[in-house]
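Novice: I would like the atomic coordinates for the input below:
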Amino acid sequence: MQTNRELEGDSQDNFVEVRDPAETAMCMILGSAYLGLAKFCWEPLWSSQNWQLFVNVEGFFITIALLALLIGLRPYLSPCSLQLSGFGIKYQGPYWPQRKTVNWSQVFRMYVSPELVVVLYHPKANSKGIWPLIVQSIYLADQDRIPDAFIKYSPVQPVMLSGPSWSTRLLLMIAFSAIVIWIVQSLVY
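Specialist: Predicted structure coming up:
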């Protein structure tokens, strides 16, 4: 006869990324537009014999086009998934192909919000080191149920956080844009 804890270990909650064909189509359109700009600018830049300008402009357009295509196809090539059970967490993030597994016995502390979950865990049983597992739940379907699922399965009481306010999001976007512009300027000059 199985105990309640063993029966709880058999149940699990699965969260998988939703594939939106409209997002993929928009990324394909954006990629096609940048490839069209690259083709349009090719002949005038080639005939000008300014090779640095040619490489910079064509490289920019082609890079943005390929990036848009990869972002549009990513949910089909490597979809996100989160699996919570009585044994632990299995998570595959949006930008790495390997699935990460963390058992509940390894978990040190958890911070849970509707958009992001940070799990601090010990990589080995008697290790003093702590590693973070960052679960980007904004990519997953039913993200509103994720905090409840963590509370349901986790033996460690998670610290519940709210999502960032719009002013904080705006500040983060401005800071991110400033860093990207600074990197691009440092590469060009």
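Novice: tell me which element residue 82 is part of?
Specialist: strand 81-85 (DSSP states H and E).
Novice: Pairing partners for that strand, with directions?
Specialist: Applying DSSP bridges to the sheet, strand 81-85 is found paired with strand 12-16 (antiparallel), strand 88-92 (antiparallel).
Novice: contacting residues around the last one?
Specialist: Looking back up the chat, that one is strand 88-92. Residues outside strand 88-92 that contact it (C-beta atoms under 8 Å, 6 or more residues apart in numbering): 78-83, 98-107, 119, 133, 135. Placement of C-beta: from N, CA and C, glycine included.
Novice: Ok, stretch 143-150 next?
Specialist: Stretch 143-150 has contacts (C-beta under 8 Å, 6+ apart) with 13, 15, 82, 84, 110, 112-115, 117, 135, 137, 140, 158, 160.
Novice: ok, and for that stretch, which residues are buried?
Specialist: 143, 146, 147, 149, 150 (16 or more other C-beta atoms under 10 Å).
Novice: just stretch 81-94 next, same as before
Specialist: Quick answer for stretch 81-94 (16+ other C-beta under 10 Å): 81-93.
Novice: so which of the residues you listed comes closest to residue 51?
Specialist: Nearest to residue 51 among those: residue 93, at 39.5 Å, using C-beta to C-beta.
Novice: So for that closest one, what's the pLDDT?
Specialist: Note on residue 93: pLDDT of 85.
Novice: Over to the one 3 residues further on?
Specialist: Per-residue confidence at residue 96 stands at 77 (pLDDT).
Novice: Let's verify it: helix, strand, or coil?
Specialist: coil (DSSP: H, G, I helix; E, B strand; the rest coil).
Novice: Can you report how many residues neighbour it?
Specialist: Residue 96 has 9 neighbouring residues, counting by other C-beta atoms under 10 Å.
Novice: Begin at 31, not 1, for the rest of this chat.
Specialist: Fine by me, first position is 31 from now on; the one you just mentioned is residue 126.
Novice: could you list every residue that touches it?
Specialist: The contact partners of residue 126, by C-beta under 8 Å, 6+ apart, come to residue 108.
Novice: Please identify the helix or strand for the residue nearest to residue 88 when sequence neighbours are not counted.
Specialist: Excluding its sequence neighbours, the residue lying closest to residue 88 (C-beta to C-beta, 6 or more residues apart in numbering) is residue 68, at 5.5 Å. Using DSSP H and E, residue 68 sits in helix 51-78.
Novice: and residue 151, how many neighbours?
Specialist: Residue 151 has 23 nearby residues by other C-beta under 10 Å.
Novice: looking at it, it is touching residue 138, isn't it?
Specialist: Yes - using C-beta atoms under 8 Å, residue 151 is in contact with residue 138, at 5.8 Å.
Novice: returning to that earlier point: what pLDDT is listed against the residue nearest to residue 88?
Specialist: pLDDT, read off for residue 68, is 93.
Novice: now residue 161
Specialist: On the pLDDT scale, residue 161 is placed at 92.
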